[in-house]
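Peer 1: Structure of the sequence below:
(chains A, B, C and D)
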2 protein chains.
Amino acid sequence: MADDFNTYIKRNINLNDEDIQLMHSMALEKKAHRREMLLQPGDVCRHKMFILSGMVRLYRTREDGSEHIMHFATENEWMTEPESLNHGTPTAYYIEALEDTELLLWTKRDFTQLSIAIPQLKTYSENIIAKNLAMTRERVFNTMSATVEERYDDFIRDYPDVFNRIPLHMVASYLGVSLKTLTRVRQAQVKR
Amino acid sequence: MADDFNTYIKRNINLNDEDIQLMHSMALEKKAHRREMLLQPGDVCRHKMFILSGMVRLYRTREDGSEHIMHFATENEWMTEPESLNHGTPTAYYIEALEDTELLLWTKRDFTQLSIAIPQLKTYSENIIAKNLAMTRERVFNTMSATVEERYDDFIRDYPDVFNRIPLHMVASYLGVSLKTLTRVRQAQVKR
DNA sequence: CGGTCTCTTGACGGAGTTCAAAGCTAGTGG
DNA sequence: CCACTAGCTTTGAACTCCGTCAAGAGACCG
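Peer 2: A predicted model of the protein is given here:
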């Protein structure tokens, strides 16, 4: 498990064993069971999280209770709510474990410390956020310009591993359509 | 004009006059006329841009020619296409001046140099991207859960200055609806 | 003063939503 | 290990909102 983190880091940033060791030593290990909430509206997000195993989702709700999923993250991916983390302000989001999940956590403070010792880390974390921004913009663009069917196909193509591990109503929630509509698209495809 | 930048920087990051001077000295000044393209699909984005005066938009098109606006930026705001800038890959976006616009430009390389001399800059630029991500997520959420009318009202409330400087068809493009629908919403409000 | 840009309007059709019901599956506790 | 329940998925009917197409009027610029 700790080895997964080593492997991951080596593939993505050029760090020596000593630096990795340092990073790991500053992290808090956490196990979250399926359905456990890691963040809720009103909380302040205190950590950057790295997922060793399992899966989490980032979502928001409306007053009527409807859920709208912003992001999924699985093994070897990062998750946080940067707005709340950076400013220490209450978040509007939930982060929920969708499976039993193992995580490494760093507080903002510890991560800043690490970034001083390991300067590449700063650039790396900026790149992660930039990638998230690019993804989210891509998503806005798709939502505005593509049909539900295209977006559904794209989702399966781009995130097959996520798709196979979540119920359809979450796919619908991510795509921004009703479950009914998603079923309709699926049925139309079966008949072809 | 150069003073605007000084004022802006002092309000937003804690830099001394010397650092500001340094930043400014590394920048390239540019004037873009209305409708000038600062970035086009296939280009590699080479700069972080700071807007001294005027206004730009970031948008994408589909094969059918339809335009979908991701972002507007006005005086004292930053604009770039981080995905292309960071990786040196061709962009899918346009950046266009909507008015005659004065800009300061830094190449990735120069900005990195600056960040070494002025460490706060790194954190600051990460915060800007994080803010953009938060905005874009907010927008995904709104698109999925709010009515066109609510989104229109939100837009006017949140970006009155942008709203007053662009034609309605761009508002529609930003909101992800047809001009027809936007007009319909506006008429319904007039009659109230 | 001609042309481009901007905004509105009407008719029509299609895609997505809500509400409601029901079958199927998988996990859990006794 | 079986029975039961909760969660997942599909389906149908009725309706509503939004998009496309097409036309026209007003405003602004050169």
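
Peer 1: make it CA atoms for all contacts and neighbour counts henceforth
Peer 2: OK.

Peer 1: How about the residues of chain A by DNA strand D?
Peer 2: Listed as neighbours of DNA strand D in chain A under the rule Cα under 7 Å from any atom of the strand: A:167-169, A:179-180, A:182-184, A:186-187.

Peer 1: What's the local residue count around whichever residue of chain A sits closest to DNA strand C?
Peer 2: Residue nearest to DNA strand C within chain A: A:Val177 (3.4 Å; Cα to the nearest atom of the strand). Residues within reach of A:Val177, counting by other Cα atoms under 10 Å in any protein chain shown, total 16.

Peer 1: So it belongs to a strand, correct?
Peer 2: No. Going by DSSP: H, G, I helix; E, B strand; the rest coil, the assignment for A:Val177 is coil, not a strand.

Peer 1: tell me the phi and psi of it?
Peer 2: Geometry field for A:Val177 lists phi and psi as phi -130, psi 170, criterion degrees, to the nearest 10.

Peer 1: any idea how far it lies from DNA strand D?
Peer 2: 12 Å (Cα to the nearest atom of the strand, to the nearest Å).

Peer 1: And A:Glu36, by the same measure?
Peer 2: For A:Glu36, the distance to DNA strand D (Cα to the nearest atom of the strand) stands at 14 Å.

Peer 1: can you check A:Ser173 too?
Peer 2: 11 Å.

Peer 1: who's in contact with that residue?
Peer 2: Counting by Cα atoms under 8 Å, 6 or more residues apart in numbering or on different chains, A:Ser173 touches A:67-69, A:179.

Peer 1: ok so, going back, would you convert the residues of chain A next to DNA strand D into JSON lines that also reports pLDDT and distance to DNA strand C?
Peer 2: Shown next, in JSON lines, are the residues of chain A next to DNA strand D (pLDDT from 0 to 100; distance: Cα to the nearest atom of the strand, whole Å):
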{"residue": "A:Pro167", "pLDDT": "97", "distance to DNA strand C": "11"}
{"residue": "A:Leu168", "pLDDT": "97", "distance to DNA strand C": "12"}
{"residue": "A:His169", "pLDDT": "97", "distance to DNA strand C": "11"}
{"residue": "A:Leu179", "pLDDT": "97", "distance to DNA strand C": "7"}
{"residue": "A:Lys180", "pLDDT": "97", "distance to DNA strand C": "5"}
{"residue": "A:Leu182", "pLDDT": "97", "distance to DNA strand C": "7"}
{"residue": "A:Thr183", "pLDDT": "97", "distance to DNA strand C": "9"}
{"residue": "A:Arg184", "pLDDT": "96", "distance to DNA strand C": "8"}
{"residue": "A:Arg186", "pLDDT": "96", "distance to DNA strand C": "11"}
{"residue": "A:Gln187", "pLDDT": "94", "distance to DNA strand C": "12"}
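
Peer 1: Just the buried residues of those.
Peer 2: Among the residues of chain A next to DNA strand D, those classed as buried by neighbour count (16 or more other Cα atoms under 10 Å in any protein chain shown) are A:179, A:182.

Peer 1: out of everything not next to it in sequence, what's closest to A:Thr89?
Peer 2: Nearest non-adjacent residue to A:Thr89, counting by Cα to Cα, 6 or more residues apart in numbering or on different chains: A:Val44, 5.8 Å away.

Peer 1: Quick check: that neighbour touching A:Leu85?
Peer 2: Yes. Between A:Val44 and A:Leu85 there is a contact at 6.8 Å, judged by Cα atoms under 8 Å.
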